[in-house]
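>>> Prediction below, plus the sequence it came from.
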Amino acid sequence: MTATTAPLTSTYSALDAWIDQHFDEEVRFMQALVRVPTDTPPGNNAPHAERTAELLRDFGYEAEKHAVPSGEVLAYGMESITNLIVRRKFGTEGKGPTIALNAHGDVVPPGEGWTHDPYGAEIVDGKMYGRATAVSKSDFASFTFALRALEAVAKPTHGAVELHFTYDEEFGGELGPGWLLKNNLTKPDLMIAAGFSYEVVTAHNGCLQMEITVHGKMAHAAVPHTGVDALQGAVHILNALYAQNQEYLKVTSNVAGIKHPYLNVGRIEGGTNTNVVPGKVTFKLDRRMIPEENPVEVEANIRRVIEQAAAERAGISVDIRRLLLANAMTPLAGNKPLVDAIQKHAQELLGEPVPALGTPLYTDVRLYVERGIPGVIYGAGPRTVLESHAKRADERLDLEDLRRATKVIARTLKDLLA
């Protein structure tokens with residue numbers, strides 16, 4: 001071992017030891033965050049931000065509270081958003097990189113089928129159960145305690161770390177990180193966003209979400225010929241849309257971890273009663289776009305398929321409304337120091353190689369990357385979304401993954417601020 005590597009190895013060991021010594025405290029911090037619901041919808045997330053700021057204050061961290069104006073939030077379909085920034089600056093102002101660590105507190109509602117209280121943060125056999133244990137209140141904890149370990153042990157002399165705890169990932173991020181960036185409240189040099197422990201994500205899919213309203217004409221079910229069945233029109237349109245999935249199988253991505261585009265219809269509603277020919281049906285679709293696709297062309301094609309199918313049914317008309325257009329995340333050249341450091345430390349702590357690849361998910365990391373800020377996705381979690389039960393019943397996190405991810409992040413920050 002050389003003289004230069006010996007102090008580094010000693011510092012890594014000291015960071016690990018600090019995290020081990022404070023791990024029970026980290027778990028309690030995460031439990032407190034999970035126990036404050038942030039179901040989105042309805043999206044009343046300001047109370048969780050207040051609780052988070054209160055807990056951070058106990059560590060000597062004063063969180064800036066950036067409340068998004070209520071008019072913007074309500075128009076967006078949510079109830080309240082307060083985004084948080086914690087800034088920790090080391091040494092001379094302006095010297096060294098600013099590294100942002102971003103995790104989101106908003107979550108989808110629990111749904112049915114739970115065998116544990118979705119907001120109980122119960123620990124069974126080394127796993128914590130609850131909504132957002134894996135995605136991504138766990139990384140409120142990993143990022144906070146990695147920063148605490150860094151300050152306690154490594155004592156950086158330049159650069160800065162910012163914690164960005166935001167509340168609009170489920171709706172697309174525009175009023176979370178997007179709002180902070182648009183209002184020039186932050187401009188980091190590098191960023192790491194909440195993720196899982198066994199891969200470094202450098203690219204992800206884009207997402208187009210649309211609401212389609214199919215109009216017909218209501219009529220009594222006893223004389224259906226006097227109306228135009230909007231549901232039958234919707235079924236014809238849906239069949240045309242689903243047929244596109246077969247075409248998408250022929251389009252493959254060159255990004256490891258991402259396969260092909262696909263389309264899903266996740267919600268449908270309409271009609272007034274069982275004895276009435278439905279005059280209106282509305283459905284919402286989600287079209288995932290691989291990084292190589294052009295979002296403008298994708299949306300134009302979807303609209304064309306819908307309009308052509310509607311035109312094939314007499315008396316049917318459609319209204320098409322875009323709900324979300326999230327661009328794909330593509331790697332920036334400047335993310336290499338992040339990838340290299342995370343891979344090095346994750347392999348050492350996990351005992352296996354950690355690949356850098358893409359994911360079919362979409363995240364609000366793209367909003368940083370679109371502004372030229374190199375970023376990756378890495379944090380506390382298992383090997384797959386399926387294993388985590390994210391967005392399903394009994395979401396859970398293996399606490400050893402939390403411990404290891406915290407160490408990886410702390411070591412990475414040490415490297416980047418060295």
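Ah, there it is.

>>> Break down the stretch 201-350 of the chain into its helices, ranges please.
Under the criterion DSSP state H, counting those that start in this stretch, helices of the stretch 201-350 of the chain are mapped to 230-248, 295-311, 336-350.

>>> from the ones you listed, which stretch is densest packed?
Across the helices of the stretch 201-350 of the chain, averaging neighbours per residue (mean count of other CB atoms under 10 Å) puts helix 336-350 on top, at a mean of 19. To be clear about C-beta, it is placed using only N, CA and C from the backbone, and glycine gets the same treatment.

>>> Count the residues that sit near A222.
8 (other CB atoms under 10 Å).

>>> ditto for I316
Other residues near I316 number 21, with proximity taken as other CB under 10 Å.

>>> does it really touch T213, like I thought?
No - I316 sits out of contact with T213 when judged by CB atoms under 8 Å, with a separation of 11.1 Å.

>>> hang on, the earlier thing: would you reformat the helices of the stretch 201-350 of the chain as CSV and include mean pLDDT?
Below are the helices of the stretch 201-350 of the chain laid out as CSV (pLDDT from 0 to 100):
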stretch, mean pLDDT
helix 230-248, 98
helix 295-311, 97
helix 336-350, 97
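
>>> Ok, which of the ones you listed comes nearest K259?
Proximity to K259 (CB to CB) singles out helix 230-248 among the helices of the stretch 201-350 of the chain, at 9.6 Å.

>>> first vs last residue of stretch 162-172, how far apart are they?
Across its full length, stretch 162-172 reaches 21 Å end to end, with CA to CA, to the nearest Å as the criterion.

>>> again but with stretch 384-401, I slipped
Start-to-end span of stretch 384-401 (CA to CA) is 13 Å.

>>> which residues sit against that stretch?
27, 108, 110-116, 118, 123, 126-135, 138, 196-197, 361, 380-382 (CB atoms under 8 Å, 6 or more residues apart in numbering).

>>> and the gap between the closest residue to W114 other than its chain neighbours and G126?
For W114, ignoring the flanking residues on the chain, the nearest one in space by CB to CB, 6 or more residues apart in numbering is A393 at 4.7 Å. Distance check for A393 against G126: by CB to CB, to the nearest Å, it reads 19 Å.

>>> Just say helix, strand or coil for the most centrally placed residue in the chain.
Centroid check for the chain by CA atoms, centre = their mean gives T363 as the closest residue, at 4.3 Å. Using DSSP: H, G, I helix; E, B strand; the rest coil, the structure places T363 in coil.

>>> try the one 10 residues further on
Put simply, I373 is coil when judged by three-state DSSP.

>>> got a list of what it touches?
Counting by CB under 8 Å, 6+ apart, I373 touches 100, 187-191, 332.

>>> Pull out the buried residues from these.
100, 188-191, 332 (16 or more other CB atoms under 10 Å).

>>> quick check, nearest of those to Q347?
Looking across the buried ones among the contacts of I373 and measuring by CB to CB, the closest to Q347 is L190, at 20.4 Å.

>>> For that closest one, which residues are in contact?
Contact analysis of L190 by CB under 8 Å, 6+ apart lists 97-100, 334-335, 337-338, 373-375, 416.

>>> Go again with 7 Å.
Applying CB atoms under 7 Å, 6 or more residues apart in numbering to L190 gives the contacts 97, 99, 338, 374-375, 416.
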